[in-house]
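Student: The following block contains a protein sequence and its predicted model.
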Amino acid sequence: MQIERGKAVAPGFGDGRAHVYRPGSPRLVTCGIAPSAVAAEQARFSAALARATERLERLEHAARTELGPDNGDIFAAHLALLRDSQFIERINGRIATQLESAEQAIDATVGELAQALGQADDENFRERAQDIRDLGRWVQRQLGVGLGGVPSTLPPNTILVAQELLPSDLLQLDRAHVAGIVTEAGGEVGHVAILARAIGVPYVTGLHDATERIRDGMRLLLDGQTGEVWLEPDAPSIDAFAERKRRYDEQGAKASAQESWACSTRDGVRIFLLANIGRAKDAQEVARHNLDGVGLFRTEYMFLDEAQPPSLERQRQVYEEAASLAAGLPVVIRTLDLGGDKRPAFLAPQFEANPNLGLRGLRFSLTVARDLFRTQLRAIVQAARHGNVRVLFPMVLGRHDLRQAIALLDELCSDEGCKAPPVGAMIETPAAVLTIGEILDLVEFVSIGTNDLTQFVLAADRNAVELLEDYSALHPAVLRAVGYVADAANSKGKSVSVCGEAAADPATAGLFVGLGVRTLSMSPASTARVRYLLGKSDCTALKQLAQSALALDDPKAIEALLQQAGTEI
């Protein structure tokens with residue numbers, strides 16, 4: 001027996017036999033074309049594009065019908081890319097200037113785009129590389145050289161093992177017979193992970209060389225909570241796994257039944273659960289999951305997908321829509337978090353060659369994109385007249401940059417003749433942690449972004465985390481930073497939340513509560529189990545758990561402590 005550890009991206013437990021999916025390589029036409037054939041080759045590409053669009057439209061309809069409108073939007077995004085004029089012109093340009101076949105031009109263009117996205121610091125952008133590859137495969141398939149998808153029929157209780165799966169693969173799976181998914185590459189924010197969670201298939205990624213080390217027919221046990229995968233488990237492991245699965249299923253049923261309850265610990269400490277969203281319509285999840293509002297509305301994606309910056313009117317409408325769907329509950333709108341890998345095309349000349357530790361977040365908005373920043377703040381101010389809207393500034397360093405942003409907001413409110421909405425600061429840099437007292441004097445609330453805080457505290461690039469066993473929000477240094485910020489905020493009577501996805505893990509959420517955090521913001525789908533575990537927990541015990549965790553010096557030991565505590569609740 002062997003136990004491997006990957007990254008859990010879709011919860012659940014799978015027990016079955018491995019089917020190793022090796023799609024091979026596409027048989028591309030490698031010879032070029034004659035100048036006289038350019039028009040005909042561009043016509044071939046156009047026809048393939050039309051056929052791919054037609055088939056993707058059917059896939060989008062199937063996703064909406066079977067999995068709901070939000071999952072249908074994944075393939076709507078595919079279609080938007082397929083219809084993107086710049087994408088089409090880039091391929092036609094290669095055909096005309098490089099005298100490449102349609103297959104070659106698609107392969108080169110998709111490869112360049114996917115490589116650029118795959119090197120991004122932000123996981124959301126790395127995962128978009130999957131969409132680009134999926135799109136390329138759909139068009140190539142219409143030219144007769146693309147790869148097929150996953151097998152349409154599989155034996156019962158199959159664990160599918162692959163280097164990578166693409167979004168369209170998930171909808172074409174033999175879902176009745178798939179007990180779990182294991183891949184070498186993929187992430188928790190990508191469309192594959194989202195779809196796996198939607199169809200209820202446990203999924204573990206990050207298992208290096210899985211397709212080489214796992215054989216067809218090998219029995220596997222897969223834990224979509226911890227990321228553990230057992231290869232050829234022995235009898236005691238199978239029995240223990242079955243008991244864990246039974247407990248998980250039982251807790252899931254109870255968590256769903258209790259979703260209408262307010263989130264409070266067993267000894268009556270009220271915990272506020274908020275939603276992280278990326279689009280205005282996602283605010284409808286607040287009512288669906290009985291949440292206390294939107295804790296983080298990421299706005300930069302409205303800018304990144306556009307050739308031109310969105311207008312004041314469009315932004316105002318988007319923010320008002322989110323506020324309306326939240327039905328009077330707070331909506332925290334994070335201003336543009338640009339810089340690093342988040343580079344809108346219309347600001348391309350403004351970016352540095354090595355931006356990751358250069359202008360980021362609020363600094364970028366105050367300097368490079370000040371006019372864009374003013375327009376966004378004005379739109380937020382106007383939307384605040386019609387809803388419970390709050391402003392959150394990202395990547396704050398301290399009093400100096402925060403004062404500039406607040407002064408600009410006050411100026412715009414004066415112009416609009418209205419009161420400024422409540423203001424908060426993202427705490428995600430060591431500088432912000434060390435100057436937290438000064439920051440709290442200027443804002444009504446703070447939100448701890450554990451993703452970036454972990455990266456900067458540990459001085460580790462998230463692109464290379466597979467090399468670092470101790471890269472985790474559970475690192476003692478990160479937990480001490482969270483506790484320090486929570487203590488400072490509580491002492492001044494200011495609200496403090498954790499809005500990184502670390503809060504979506506029920507045990508880690510309990511640890512944050514033990515550190516003094518009373519507001520947690522996460523993916524709405526994660527809130528039911530967090531609510532359930534906190535409802536079974538005693539706040540005094542969680543404080544003791546936090547102190548025990550802070551006394552340890554190894555993230556793995558802290559993780560083991562949390563797992564043990566979870567089994568005792």
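Tutor: In hand now; what should we look at?
Student: Going by C-alpha atoms from here, please, whenever you check contacts or count neighbours.
Tutor: Noted.
Student: so how many other residues sit close to R213?
Tutor: 9 (other C-alpha atoms under 10 Å).
Student: for this protein, which strand is longest?
Tutor: When the chain is scanned for its longest strand (criterion: DSSP state E), the result is strand 13-21.
Student: mind listing what's buried in the next helix-or-strand element following that strand?
Tutor: On the C-terminal side of strand 13-21, the closest following helix or strand by DSSP states H and E is helix 38-67. By neighbour count with 16 or more other C-alpha atoms under 10 Å, helix 38-67 contains the buried residues 38, 41-42, 44-46, 48-53, 56-57, 59-64.
Student: before we move on, back to that, convert the longest strand of the chain to CSV, retaining C-alpha atoms only.
Tutor: Only the C-alpha atoms of strand 13-21 are listed here, as CSV (Å, rounded to 0.1, in the frame of the first residue of the first chain):
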residue,chain,number,x,y,z
PHE,A,13,-14.7,10.1,-1.1
GLY,A,14,-14.0,7.8,-4.0
ASP,A,15,-13.3,4.1,-3.9
GLY,A,16,-12.7,2.3,-7.2
ARG,A,17,-10.4,1.0,-9.9
ALA,A,18,-8.0,3.3,-11.9
HIS,A,19,-8.6,4.1,-15.5
VAL,A,20,-5.5,6.0,-16.8
TYR,A,21,-6.5,8.4,-19.6
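Student: ok, V478 touching A459?
Tutor: No: using C-alpha atoms under 8 Å, V478 is not in contact with A459, being 11.4 Å away.
Student: quick one on the thing from earlier: helices or strands up against the longest strand of the chain?
Tutor: For strand 13-21, the elements it packs on are strand 158-162, strand 178-183, strand 219-223, judged by 3 or more C-alpha pairs under 8 Å, 6 or more residues apart in numbering; DSSP states H and E.
Student: What lies in contact with the helix or strand following the last one?
Tutor: Translated: strand 219-223. Later in the chain than strand 219-223, the nearest helix or strand by DSSP H and E is strand 228-231. Outside strand 228-231, the residues within contact range by C-alpha atoms under 8 Å, 6 or more residues apart in numbering are 1-6, 8, 204, 214, 218-223.
Student: same thing but 6 Å
Tutor: Strand 228-231 is contacted by residues M1, Q2, I3, E4, R5, L220, L221, L222 when judged by C-alpha atoms under 6 Å, 6 or more residues apart in numbering.
Student: These, buried ones only, as a PyMOL selection?
Tutor: Only the buried entries of these go into this PyMOL selection, using 16+ other C-alpha under 10 Å:
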select buried, resi 5+220+221+222
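Student: will you turn the contacts of strand 228-231 into TSV that also has pLDDT and distance to T97?
Tutor: Formatted as TSV, those follow (pLDDT from 0 to 100; distance: C-alpha to C-alpha, whole Å):
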residue	pLDDT	distance to T97
M1	83	56
Q2	89	53
I3	89	52
E4	89	49
R5	87	48
L220	96	51
L221	95	52
L222	94	50
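Student: out of the contacts of strand 228-231, which one sits closest to R403?
Tutor: R5 (45.1 Å; C-alpha to C-alpha).
Student: If you drop the residues flanking it in sequence, what lies closest to the closest one?
Tutor: Leaving aside its sequence neighbours, R5 sits nearest to E228 (C-alpha to C-alpha, 6 or more residues apart in numbering; 4.6 Å).
Student: again, but for S523
Tutor: Of all residues not flanking S523 in the chain, N276 sits nearest, at 5.3 Å (C-alpha to C-alpha, 6+ apart).
Student: Let me know the helix or strand that that neighbour is in.
Tutor: N276 belongs to strand 272-277 when elements are defined using DSSP H and E.
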